[in-house]
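Asks: fold the following.
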Amino acid sequence: MKQILGASYARMSLYFLLSTFLLNNISGCKKEDSVIKEEKVISANSSDANASSYSADVIDKWIIMQLRLMRDATGIPNVAFSRYYAYSGIAALESLTPGLSEKKALTEKWNGLTGLPHIESPKNYFWPASVNTALASMNRNIFTTATAADKAAIDSLESALNNSFLATKNANAITKSNSFGKSVADAVFNWSETDGYKNASNAYTPPVGAGLWVPLHQLLRLPPLPIGVITDQ
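Replies: Now for the predicted structure:
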């Protein structure tokens, strides 16, 4: 079966393209050629130390879940959703990185990201379980005002996927992988809290001078997010 850069890695581009667009402090990123290659794609319940050999089923399900959470969210400006996608993409990537034979690790490229866990051998982990818990944790941390039904849906999806893994995989491997994914998500979320987004709507007085921005009308005094609320000049 033909695939582009591994099934799970290709699907994750929906997250990752937004990550690279939003986080412009990443330097030295190199765009890889889309090389089509022959590679075995195995189901999420099979066993392989190479994370890119698994199908993208787990990530696909979490993308669908996040779309639901975005649809149901209230009080969140649309521009904020790109931020959620970006950090979720980074968490997904880092939860799989130790098992990526392509060595696509970008850990050193993330500006200020620390506290990521390390492992000794990828053979002792089951990567679908790692990314499952990483994305479950990210969505819990991000959508704190989600409805009770949506919060239950996050728990239900994570549990259902883990139970499906347990049908064929050792419970210790699942538990260890869940713990790794959770630690990755915690590190990425804590890092995301330092990007200044909480100050995006702080009062702001625009500079005054020739060639600088001015409101076109008194009723149109608020610039688009994330600049903030204009104060009296």
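Asks: please tell me how far residue 121 sits from residue 74.
Replies: Computed with CB to CB, to the nearest Å, the distance linking residue 121 and residue 74 is 45 Å. In this view, the C-beta of every residue, glycine as well, is placed from N, C-alpha and C.
Asks: where does the chain have low pLDDT?
Replies: For the chain, the stretches flagged by pLDDT under 70 are 1-49, 101-108, 217-233.
Asks: not counting the longest helix seen in it itself, show me its contacts.
Replies: Taking residue count as the measure and DSSP state H as the definition, the longest helix of the chain comes out as helix 171-192. Contact partners of helix 171-192, identified using CB atoms under 8 Å, 6 or more residues apart in numbering, comprise 83, 87, 90-91, 94-95, 110, 112-117, 119, 124-127, 129-138, 141-142, 162, 165-166.
Asks: now do the buried residues in it.
Replies: Residues of helix 171-192 classed as buried: 173-174, 176-178, 180-189, 191-192 (neighbour count, 16 or more other CB atoms under 10 Å).
Asks: mind jotting down where the strands sit in the protein?
Replies: Per DSSP state E, the chain carries strands over the ranges 2-4, 36-38, 203-204, 229-230.
Asks: domain parsing for the protein?
Replies: The chain breaks down by automatic domain parsing into domains covering 2-199, 200-233.
Asks: I figured residue 95 hits residue 130, correct?
Replies: Yes: taking contact to mean CB atoms under 8 Å, the distance of 4.6 Å between residue 95 and residue 130 places them in contact.
Asks: tell me who's in contact with residue 146.
Replies: Each residue near residue 146 by CB under 8 Å, 6+ apart is listed here: 69, 72, 73, 154.
Asks: and those, which are buried?
Replies: Applying 16+ other CB under 10 Å to those flags 69, 73, 154 as buried.
Asks: save those residues as JSON lines, and put in distance to residue 196 too.
Replies: Listed next are the buried ones among the contacts of residue 146 as JSON lines, based on distance: CB to CB, whole Å:
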{"residue": "69", "distance to residue 196": "23"}
{"residue": "73", "distance to residue 196": "21"}
{"residue": "154", "distance to residue 196": "27"}
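Asks: show me which of those residues is closest to residue 214.
Replies: Among the buried ones among the contacts of residue 146, residue 73 lies closest to residue 214 (CB to CB), at 33.6 Å.
Asks: next one: the closest one from residue 59, what distance?
Replies: Distance, residue 73 to residue 59, by CB to CB: 21 Å.
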